[in-house]
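Engineer: Here is a sequence together with a model predicted from it:
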4 protein chains.
Amino acid sequence: MAPVRKLKVGCAGLGRMGARHALNFQNRTPRADLVAAFTPDPKEVEWAATELPGVKVYTDYDEMLKHPGLEAVVVASVTTAHAEQAIKAINADKHVLCEKPLSTSAEISQSVVDAAQKKPKLKVMCGFSRRFDASYRNAFEQADAGAIGRPSVFRSQTCDKLDPSGFFVAYAEFSGGIFVDCNIHDIDLALWYFGQDSVVKSVVAMGITAVQPGLRKHKDVDNGVGIVEFWGGKIAYFYGSRMMAAGQHDMTEIIGTEGKLTVNANPMGSLVEMHESNGVRREIPPDYYGRFEHAFVTEANDFTAACLDNTKLPFKLSGAVQAVKIGCALQESLNSGQKICFDETGRRIETAKL
Amino acid sequence: MAPVRKLKVGCAGLGRMGARHALNFQNRTPRADLVAAFTPDPKEVEWAATELPGVKVYTDYDEMLKHPGLEAVVVASVTTAHAEQAIKAINADKHVLCEKPLSTSAEISQSVVDAAQKKPKLKVMCGFSRRFDASYRNAFEQADAGAIGRPSVFRSQTCDKLDPSGFFVAYAEFSGGIFVDCNIHDIDLALWYFGQDSVVKSVVAMGITAVQPGLRKHKDVDNGVGIVEFWGGKIAYFYGSRMMAAGQHDMTEIIGTEGKLTVNANPMGSLVEMHESNGVRREIPPDYYGRFEHAFVTEANDFTAACLDNTKLPFKLSGAVQAVKIGCALQESLNSGQKICFDETGRRIETAKL
Amino acid sequence: MAPVRKLKVGCAGLGRMGARHALNFQNRTPRADLVAAFTPDPKEVEWAATELPGVKVYTDYDEMLKHPGLEAVVVASVTTAHAEQAIKAINADKHVLCEKPLSTSAEISQSVVDAAQKKPKLKVMCGFSRRFDASYRNAFEQADAGAIGRPSVFRSQTCDKLDPSGFFVAYAEFSGGIFVDCNIHDIDLALWYFGQDSVVKSVVAMGITAVQPGLRKHKDVDNGVGIVEFWGGKIAYFYGSRMMAAGQHDMTEIIGTEGKLTVNANPMGSLVEMHESNGVRREIPPDYYGRFEHAFVTEANDFTAACLDNTKLPFKLSGAVQAVKIGCALQESLNSGQKICFDETGRRIETAKL
Amino acid sequence: MAPVRKLKVGCAGLGRMGARHALNFQNRTPRADLVAAFTPDPKEVEWAATELPGVKVYTDYDEMLKHPGLEAVVVASVTTAHAEQAIKAINADKHVLCEKPLSTSAEISQSVVDAAQKKPKLKVMCGFSRRFDASYRNAFEQADAGAIGRPSVFRSQTCDKLDPSGFFVAYAEFSGGIFVDCNIHDIDLALWYFGQDSVVKSVVAMGITAVQPGLRKHKDVDNGVGIVEFWGGKIAYFYGSRMMAAGQHDMTEIIGTEGKLTVNANPMGSLVEMHESNGVRREIPPDYYGRFEHAFVTEANDFTAACLDNTKLPFKLSGAVQAVKIGCALQESLNSGQKICFDETGRRIETAKL
């Protein structure tokens, strides 16, 4: 009855998503021990004192990296800090699970990849949570087994519940915009289902501010539609919205030459239906965590297993750069009104002007 | 370009269902001509004057039967008049489409069958509208082709929208009770899917008056559940209700040894879904006509074709007696608290007492 | 009992859709009499002899227009003949129901509108069948009543079942391309839900030939995605496909500032579900007529009523020109790779070049 | 950073369900420590050596009860051992989570309740897993808040996937029969939604052996239907089956005077739908654990919290006796053909004979 070896994990950031990661690693990841956390926010320090018993909380990130025995870091701070914290952790020889996006800039995202490539023994992963969702995995296995022929058209949307508080306007200042913040997931999924080596050929996007005109000052919209063409005859199209009345509705269609797979075409919060005087009703999840909670738990467990067992991560870090690059191009097209083209190596064709 | 031969039809009764039949034969049955109608009700006479142009309206049923050239009669009057009017029409050599049930008494129902058997050239059919519904037909074809193995368990319900007006209490005086009025359809379906020669072995029912206590004076309930066992190892169970908040929900499951078919497990009034702040909602049909309108049109057309072309009706009249017999037994069991048993010839075993 | 006055109708074209229109006007439109039909095809003449008894069949369209008493013409011939036949009928003082599109050219479409405007007493309608579909009407009534706030984003697709026979390639020679042939319906719906006076601002489209490379010779694709921006902050996006494995899937989402309506998000051919060893399955309609059959019947009846009662048609003919204009622009963008822009009067901005 | 206090748990039985409980307490119940396990089966001992590192495995149940510091026992052995092991644990001052049913006999079940009542400080719970399912809880909260008026009719089914191996025949020897083994869950749910103090008035059941005739030798069936009437005008009806082709389908309807709630009316194994050449398909869970896995995890966590915090369990142990009593009465009625009646105190009325 030798004691079980557990991965010693630290969590950078204890905000909305950081707190969830911390709790997941502490309580729902049997092979991990959350030993340390970092937050500069006194309220979060206080929260950790009661909710993360036994965890050492640091207000200095560099100090946390020196926590005795620390093996892995979850980077779940504000987006603008992702890349720097990830690189520091890598340089300190820690495995890293970094929340998406690595950065709102493709170049900075690439710098994380570069750092990681110098430490091939480390596991460095971008937290594309949908990759760990049971339904997306099921769909991928089917597509991969040829069930729908050759995947050719991909439709995916990330649609948040309407939030009239103005949150999304403030948030947009640093989010990178709707295509980088929301549709990055959908882009990553497209790369997964179409093949990680898919090369973007052209990108175009349009958008409106139907409920949050204040978004325009951050060059953002509350509803955006984009099309991404890939070399080799494949098309993906995306919809991002901050305006869903009923709740979160993230869904995906993978259309192949012989069939189609849909994931979450019919959102539902539970298996309950209510028969009321005006019809039959079901509730849907209020936010992405309501939809993907179990995926985050699986992510924590799979990452932990890969670190402990030195097995391959389920996907490459470099894909995260591709996703950011496409997301940024969509966001740029949205604002410039231009279609953006790329050559067969994925290099931008600068001469194209509308 | 010889004129098309059309079936000359008269409609007995122009109440709720009679008016629908009249309009269907007039407007939606290309091979039929509605030439006559009977109603003793002055308001319905007036209605017919504007809504049934060209149709001769009688206030005496026997006179209508003498209408020149009349070939067929739709009996859609009050249930208590069904059998007498059907028999008179048969005796006057008219084809008959009689609304269900033939009667609330198995004996009287049998008398219609007896009359019809003396006129084998006539088409005499009981209006089990679900037999003409596209979905029920589709399910039957699949079951008949062996798609679910041997149909063994049958669940079916007829559930009306809650009507707080007291209509159902008044209606119950002559309806024969919920199992005869509502579940007669479900019983007929069981006989269809299990085989028309299925022999009832035992019957038991229970019920409550949850919203209409006044029903008890007519020995009826607003929610009834019954089980019908057939010789040969088959079971059907039924639910009838007058208490659905959302609308009509008639549905059926046919469970076989290798699969299951459901019909209308998810009721819907249209293909529209509404995403609202409290979830996703769909409306459902408010009444059985909203669900079965097209089945009634098909019924009119199929009946007309059988009369004109002298082809076989889709099902035998005698099944209607079986259905009434089972419905009455369920209603009796509901009120007596007794299980009622039958021998292998379908004859009641009188000695069984609770 | 005065005889009912009926509209005397002639049908131009007895091919796939023409035959359906002819039968609908003959059998399912109580207030209409199909009196004449035109087809140059001997097989269709033969078909009409047995299936359209009592109908005079012409092999010369101009002769049919002279049929005694003829009041209205349904134009359901090949697309390339629509405009000419419609104009001839208008000039001969006949009401016209013309199948969509009026033409694959916006200019020619406009010529039909011009002809109609000279005869304001005539009812001239383009057969946008979805306008008569009960679900689309229900959704429109809700949107119109403000149920979803201000409609802002519109997604709609017309997706045909995969047909490996090569039919779609041959058909593409004259169809105008996938955006004109298929998505014309979706464009018309966008104009309906956004308001008929919506002015297009920009248009962009991309597409692939995943299963029918032969389409490229007709400048067409088997999967196309397009975005249409309207002045005033509204966006529509469309998907057209000839590659659906399971059957026809035409669906629409209308997304407003306070809610969303979906039409046919979950296609189904009947109310039957099959529980089989590999899961639960439902069939979906094999083609658009399986989905919209009742809409075509309603269309025939509503058109007939407007002619007989001299009431307003449900929508203006000029919208058909708008729809064709947008469809053609999408098709052009697909082939040129350019985004196409329009000024606030809807006039094309010619200087825009990619 | 004081160490967190955790509940020291032992697991009796490491078979199918025992192993799941053991893993859940070890890995997915942060406040519990699985410290001991008991199994007489050498293969399970071996399994535990690798899968339950750090857990002391006993082959003698009484020895396990003496494990130092043991505070709680999960009884997940064969049904016939439940009561004895539960009572022993209670007598040894351990909290107990006992798999359902306590026993296949109401009398023996009562003996567990009696033992527990002598130790009021202990938490003793019967593992009605559905009580911990998020959907059932959501439905209960709504019903409890009055959303459907007065719950009046209850329909619930437990339907297992067809297993042609003969497993169910062997299993039936000790299971107590389909109503005790499967529908015990549904009965417990009826008592939950109708109120724990509901008193049974009458019970009747019928059944068949459609696919496993060997079940008759154990007085069991593969498809059973039962009705349970409660004093006060409430009815529940149940269906149990071992014959579902597609997978597990456990579902429930709670029908109130003003609305209806359904739980799992549309079973699904994931959020994926497959569009294939013969329609749209979804998979469903293969077994009850596929449906209720998360409920078992919640059960483990809630039980642990109640033990550690000395808070009330979510439901009383005595209900388990009621459920077994009703289940046994249904099973008896199935075999005797008799309806069984109870007076208003729930005492059986012995004179009733069919």
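Structural biologist: Now that the structure is in, tell me what you want to look at.

Engineer: excluding its backbone neighbours, what's nearest the residue in the stretch 51-200 of chain A that chain B sits nearest to?
Structural biologist: Closest to chain B within the stretch 51-200 of chain A is A:Leu162: 8.1 Å, counting by C-beta to the nearest C-beta. C-beta: built from backbone N, CA, C; applies to glycine. In space, and not counting its chain neighbours, A:Leu162 is closest to A:Met243: 5.2 Å by C-beta to C-beta, 6 or more residues apart in numbering or on different chains.

Engineer: The one you found contacts C:Gly259, doesn't it?
Structural biologist: No. Counting by C-beta atoms under 8 Å, A:Met243 sits too far from C:Gly259 to count as a contact (9.7 Å).

Engineer: out of the two, which sits in the more crowded spot?
Structural biologist: Neighbour count, other C-beta atoms under 10 Å in any protein chain shown: between A:Met243 and C:Gly259, A:Met243 has more, with 27 against 24.

Engineer: wait, is the more buried one part of a strand?
Structural biologist: Yes. A:Met243: assigned to a strand according to DSSP: H, G, I helix; E, B strand; the rest coil.

Engineer: that older thread, which ones are touching the residue of the stretch 51-200 of chain A closest to chain B?
Structural biologist: A:Leu162 makes contacts with A:Val211, A:Arg242, A:Met243, A:Met244, A:Ala245, C:Glu258, as judged by C-beta atoms under 8 Å, 6 or more residues apart in numbering or on different chains.

Engineer: what's the neighbour count on the fourth one?
Structural biologist: Going back to what we said before, that points to A:Met244. Neighbour count of A:Met244, defined by other C-beta under 10 Å: 23.

Engineer: Quick check: it touching A:Cys159?
Structural biologist: Yes. The pair formed by A:Met244 and A:Cys159 meets the contact definition of C-beta under 8 Å, at 4.7 Å.

Engineer: What parts of the stretch 151-300 of chain A come near chain D?
Structural biologist: For the stretch 151-300 of chain A, the contact set with chain D under C-beta under 8 Å from any C-beta of the partner chain comprises A:258-266, A:269-277.

Engineer: Max pairwise distance over the contacts of A:Leu162: which two?
Structural biologist: A:Arg242 and C:Glu258 (13.4 Å; C-beta to C-beta).

Engineer: Give the full set of residues in contact with the residue located most distally from the centre of chain A.
Structural biologist: Centroid-distance maximum for chain A: A:Ser277 at 39.9 Å, with C-alpha atoms, centre = their mean. Contact analysis of A:Ser277 by C-beta under 8 Å, 6+ apart lists B:Ala245, B:Ala246, D:Glu258, D:Gly259.

Engineer: I'd like to know how far the first one sits from chain C.
Structural biologist: With the distance defined as C-beta to the nearest C-beta, to the nearest Å, B:Ala245 ends up 20 Å from chain C.

Engineer: and that residue, backbone torsions?
Structural biologist: Main-chain dihedrals, B:Ala245, degrees, to the nearest 10: phi -70, psi -40.

Engineer: What is the burial count for it?
Structural biologist: 21.

Engineer: was I right about it contacting D:Ile255?
Structural biologist: No. B:Ala245 lies out of contact with D:Ile255 (C-beta under 8 Å); the separation is 9.1 Å.

Engineer: Could you name every residue contacting both of those two?
Structural biologist: In contact with both B:Ala245 and D:Ile255: D:Ile148, using C-beta under 8 Å, 6+ apart.

Engineer: How about stretch A:245-264 and chain B, touching?
Structural biologist: Yes. Under the criterion of C-beta under 8 Å from any C-beta, chain B is reached by stretch A:245-264 at A:Ala245, A:Ala246, A:Gly247, A:His249.

Engineer: any idea of the mean pLDDT for that stretch?
Structural biologist: Mean pLDDT, stretch A:245-264: 98.

Engineer: And for stretch A:316-325?
Structural biologist: 96.

Engineer: Show me where chain A has its helices.
Structural biologist: A:16-27, A:42-51, A:61-65, A:79-91, A:106-117, A:134-144, A:167-175, A:178-181, A:184-194, A:288-309, A:318-336 (DSSP state H).

Engineer: Need the winner for burial among those.
Structural biologist: helix A:178-181 (a mean of 28; mean count of other C-beta atoms under 10 Å in any protein chain shown).

Engineer: By mean pLDDT, point me to the weakest helix or strand of chain A.
Structural biologist: Every helix and strand of chain A was ranked by mean pLDDT, DSSP states H and E. The lowest is helix A:167-175, at a mean of 90.

Engineer: what inclination does it have with respect to helix A:79-91?
Structural biologist: 40 degrees (axes from the mean of the first three to the mean of the last three C-alpha atoms, to 10 degrees).

Engineer: So which elements touch helix A:167-175?
Structural biologist: For helix A:167-175, the packing partners by 3 or more C-beta pairs under 8 Å, 6 or more residues apart in numbering or on different chains; DSSP states H and E come out as helix A:79-91, helix A:178-181.

Engineer: sorry, back to before: with neighbour numbers in mind, choose between A:Arg242 and C:Glu258.
Structural biologist: The residue with more neighbours, out of A:Arg242 and C:Glu258, is A:Arg242; 28 against 17, by other C-beta under 10 Å.

Engineer: For that one, give me its contacts.
Structural biologist: A:Cys159, A:Asp160, A:Leu162, A:Asp163, A:Phe168, A:Ile178, A:Val211, A:Gln212, A:Asp222, A:Asn223 are the contacts of A:Arg242 under C-beta under 8 Å, 6+ apart.

Engineer: min pLDDT across these, which one?
Structural biologist: Lowest confidence among the contacts of A:Arg242: A:Phe168, with 88.

Engineer: how close does that one get to chain D?
Structural biologist: Taken as C-beta to the nearest C-beta, the span from A:Phe168 to chain D is 26 Å.

Engineer: That residue contacts A:Thr209, doesn't it?
Structural biologist: No. A:Phe168 is beyond contact range of A:Thr209, at 10.3 Å (criterion: C-beta under 8 Å).

Engineer: which neighbours do the two share?
Structural biologist: Residues touching both A:Phe168 and A:Thr209 (C-beta under 8 Å, 6+ apart) are A:Leu215, A:Asp222.

Engineer: Can you give me the neighbour number for the residue of the stretch 51-200 of chain A found nearest chain C?
Structural biologist: Among the residues of the stretch 51-200 of chain A, A:Ser152 lies nearest to chain C; the distance is 4.0 Å by C-beta to the nearest C-beta. A:Ser152 has 25 neighbours, counted by other C-beta under 10 Å.

Engineer: My guess is it contacts A:Lys234. True?
Structural biologist: Yes. In this structure, A:Ser152 is within contact of A:Lys234 by C-beta under 8 Å, at 5.7 Å.

Engineer: what touches both of those two?
Structural biologist: C:Ile208.

Engineer: Pairing partners for the nearest residue to A:Lys56 once chain neighbours are set aside in the sheet, please.
Structural biologist: Among residues not flanking A:Lys56 along the chain, A:Ala36 sits closest, at 4.9 Å (C-beta to C-beta, 6+ apart). A:Ala36 forms beta bridges with A:Gly10, A:Lys56, as assigned by DSSP bridges.
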